Structure formats: structure tokens, C-alpha cells
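*Asks:* could you work out the structure for the sequence below:
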Amino acid sequence: MRQRAPGRLAFLAAATAGLLACAGAPPIPDVPQTDRPEGYEAATPATLAAQGWTVCPIARRDSQLEIRVAPGGKLARLGHHHVLSTDRIGGFVAARGGELQADLFLAATDLVVDDASVRAAAGGPYADEVPEKDRAGTRGNMLGPRVLAADEYPWLRVTTGAFEARRVGSSPPALLRIAGRTIGREFGVDRFDEGRITGRTEFTHEALGLEPFTALGGALSVADPIEVRYELVLDAAEDPACGTLSAPALTR
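*Replies:* Here you go, the predicted structure:
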């Protein structure tokens, strides 16, 4: 099949995500029928609260995840930079003394490909608009069996055990569950202040168990690294303490 380089090629990265292929995308998987992944128990926050933890739900619509990728190879100029985004992040962050822990999740089908407003805010190589037909093809491939396999694995999830947040420059150790794989990872935190957590981290395709997509004999490919940016806002509606929760030692 002949490829049309910048419009028909698409790229995936993921925190949670991975790699996008070209046109001819499989059907879009159905939205999950439950509101949380298997193994995420609603009783867990209540159990932690009974143990003295301050448990703060993630404020959906106020929080944001972005996954950015760039084209590589000799013909990189023919490819698009792509950004996946969502504000539908579920789960919680809990604190007790100098300890923190978190359990975060999102449905793969909630990832939006190349949202115009997100691209405009990102600026630079992301500022140009991607045609709707190419966005749709990219999304189909992202959710399909070659990448996230969302029919079989509809959820992306990041969990941590309890860890000390007092050491300056410390970084949360976490498990990323994506497309049936579990990957150990430290997630960088730029700032954790007044109930708001921002950070960045990077993955390689190898770390995610993926091979970079290539075309035109390798002259066009998806470049490493895959960049993940996030902003988590803690919901203080039920517990005002969540709006003041801070961890200065995690700020870098």
C-alpha cells in the first residue's frame, strides 16, 4: 500500500500509550462497560482513610494528560508531530505524614488524538492542524490490536505503593499497566503544591515492549523518546485538606 507521508502516517506514544501505524485502521473498540478497571476496588480509599491516610480523588475535567511524539529518520520532515490527550483521569492520591501513594487510571478510548486546542497550546511543531480523516485513522490504529489492543485491555493504569516523599529529588516508583504489560518506572514530578501535581517523564519504545513504526525503508519512523506530561488536580469537595496537600521534596 503506498503511504502518503505527512497525512496518512500517524504516531502513538503512551504513559501510558505506544505506536500508531498508517491508514486502514481497525474498527474503534467499544467504550468500557464499567467505570473503573478490574482490580481497582472502591473500598481501597475507604480502607486507607481508616488507616489515617488523607485520600484525595482526582478531579476529572481539571486534570490533563498529554503524550507527545515526533517523527524520525532521514525523511522526518514529511511526518507529523502528534499529541494524545485526555482530561478523564480517575483514581486517587493519598498522603499520610511523609508518605504518599497513588492509583490512577484512564480508559484507552478516552485518549483524544491531535485535539486542535491542545496542539495550539503546545505550540511549535504541534501548532499545525491535522485533518480529521487522519486523526480518525490514527485513533483507530492506536486502539487496535497492534498497539493498545483496547478491545482486550481497555484500561491504562499507574499504581504506586506507599513511598517516602521527604527526600529532595525523590521520584515516585510506579507500575504502569498497558496493553497487557506491566512496566516498572519512576515518574518525574516537577511540582506538588496546594493539591496540584505536575510532571514529565519519557519512555522508549523498547521500554514499552514496542518496535518503532517505520515506513519508506526506514527513512521515516517514530522517534524516541515518547514524552508524557501530566497535571493532576486533587478534588477537595469532600475533604478541604486535599486542596492544601503539598510535597515540596518531590519538586525538582
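*Asks:* for the residue nearest to Glu238 when sequence neighbours are not counted, the count of nearby residues, please.
*Replies:* Nearest residue to Glu238, sequence neighbours excluded (Cβ to Cβ, 6 or more residues apart in numbering): Pro57, at 7.8 Å. Heads up, the C-betas are built off the backbone N, CA and C, glycines and all. Applying other Cβ atoms under 10 Å, we find 17 residues neighbouring Pro57.
*Asks:* for the remainder of this discussion, apply numbering that starts at 113.
*Replies:* With 113 as the first residue, the last one maps to Pro169.
*Asks:* tell me who's in contact with Pro169.
*Replies:* Applying Cβ atoms under 8 Å, 6 or more residues apart in numbering, we find Pro169 in contact with Pro157, Gly203, Phe204, Leu346, Asp347, Glu350, Cys354.
*Asks:* ditto for Val345
*Replies:* By Cβ under 8 Å, 6+ apart, the contact list for Val345 reads Ile170, Ala171, Asp174, Ser175, Gly307, Arg308.
*Asks:* tell me which element the residue nearest to Glu350 is part of?
*Replies:* Secondary structure from DSSP states H and E places Pro169 in strand 166-169.
*Asks:* pLDDT weak spots in this protein?
*Replies:* Applying pLDDT under 70 to the chain picks out residues 113-148, 151, 153-155, 278-283, 322-327, 361-364.
*Asks:* where do the strands of the stretch 213-362 of the chain begin and end?
*Replies:* Counting by DSSP state E, counting those that start in this stretch, the stretch 213-362 of the chain has strands at residues 224-225, 267-271, 275-276, 285-290, 293-298, 303-305, 308-315, 326-327, 332-334, 338-345.
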